[in-house]
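prediction below, plus the sequence it came from.
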Amino acid sequence: MARNFMSTPPAPAPAPAPPAPDSPRESESPPPPGVQGDLEMELMGLANALYNLGTTVVGDLTKEKDKPGGGGKQVGARVNDVINHLATLDDMSQAIDTMIPMQVLMDIDNSRNPMLLTKERLERAATENQFMNGKIHAIDSYKKYLDEALIQNFPELREYLTDASTADGTQPIKLEEDTGGAGGPGTHFANGA
């Protein structure tokens with residue numbers, strides 16, 4: 001069965017891809033003002049110059065060597081353009097005192113996104129925070145059980161233990177048992193009463 005491709009309507013053009021979620025800002029937004037914006041624009045210029053150099057080298061290598069009038073090689077001009085951008089960046093570095101962690105530079109050298117380092121550190125801090133909160137909760141729980149047991153076995157310590165627990169902002173210890181008479185081990189102690 002033959003199909004006429006001329007009669008089918010063209011497919012709509014795909015929407016442009018959204019920027020990567022780890023991009024610091026959209027590529028269409030203006031650079032930040034001041035030295036940081038100038039530095040960003042110079043880095044973009046260097047990236048463009050390096051791309052141009054690469055395409056020129058590949059283009060020159062693929063041309064026929066014996067072809068007369070090849071237009072001359074532009075590699076030297078492209079290399080000079082890259083050198084000029086690097087010199088400008090070196091001059092700009094004198095005015096910038098921002099320190100960059102070595103781990104970030106090593107990640108960039110290893111083709112790893114530096115935003116992953118930030119994400120990993122935040123996740124590690126959150127995990128350690130949860131672990132410490134668990135320890136604090138366990139110690140508070142143990143202290144409450146210990147105070148309850150001390151009050152139950154040594155009623156004369158009750159005023160010292162309840163004063164200490166209210167001084168740090170926590171609630172006084174509550175003990176409720178229905179097994180004894182007045183003043184005995186089953187005495188009801190609720191909120192210092």
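Thanks, I have it. Owing to the predicted nature of the structure, the values given are computational and were not obtained by experimental measurement.

phi and psi next, for P33.
phi -70, psi 160 (degrees, to the nearest 10).

in this protein, where's the longest helix?
Taking DSSP state H as the criterion, the chain has its longest helix at helix 114-153.

what ranges do the helices span in the protein?
So, for the chain - with DSSP H - the helices run 35-62, 75-93, 102-109, 114-153, 158-167.

go through those helices and name the closest to S29.
helix 35-62 (11.0 Å; Cβ to Cβ). Yep, even glycine has a C-beta here, placed from its N, CA and C like the rest.

now that closest one: buried residues?
By neighbour count on 16 or more other Cβ atoms under 10 Å, the buried set for helix 35-62 is 38-39, 42, 45-46, 49, 53, 56, 60.

try stretch 75-87
78, 81-82, 85.

so where's this protein shaky on pLDDT?
Across the chain, the ranges flagged by pLDDT under 70 are 1-28, 61, 63-73, 163-193.

related to what we said a few turns ago, now the buried residues of stretch 75-87 as TSV including distance to P32?
Formatted as TSV, the buried residues of stretch 75-87 follow (distance: Cβ to Cβ, whole Å):
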residue	distance to P32
R78	29
D81	25
V82	24
H85	19
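
closest to A95 out of these?
Of the buried residues of stretch 75-87, the one sitting nearest to A95 (Cβ to Cβ) turns out to be H85, at 16.5 Å.

what's the closest non-adjacent residue to the closest one?
Nearest residue to H85 in three dimensions, chain neighbours excluded: L46, at 4.0 Å (Cβ to Cβ, 6 or more residues apart in numbering).

let me know whether that neighbour touches L89 as I believe.
Yes: the criterion here is Cβ atoms under 8 Å, and L46 meets it with L89 at 6.6 Å.

check contacts around V104.
V104 is in contact with 114, 117, counting by Cβ atoms under 8 Å, 6 or more residues apart in numbering.

Q36 now?
So Q36 contacts I96 (Cβ under 8 Å, 6+ apart).

now do 10 Å
With contact taken as Cβ atoms under 10 Å, 6 or more residues apart in numbering, Q36 is in contact with 96, 98.

same check on L39?
31-32, 88-89, 92-93, 95-96, 98.

quick one: buried ones out of those?
Buried among these by 16+ other Cβ under 10 Å: none.

can I get these in CSV with distance to T118?
Below are these laid out as CSV (distance: Cβ to Cβ, whole Å):
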residue, distance to T118
P31, 21
P32, 19
T88, 29
L89, 24
M92, 25
S93, 23
A95, 26
I96, 20
T98, 16
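
next, count neighbours for I151.
20 (other Cβ atoms under 10 Å).
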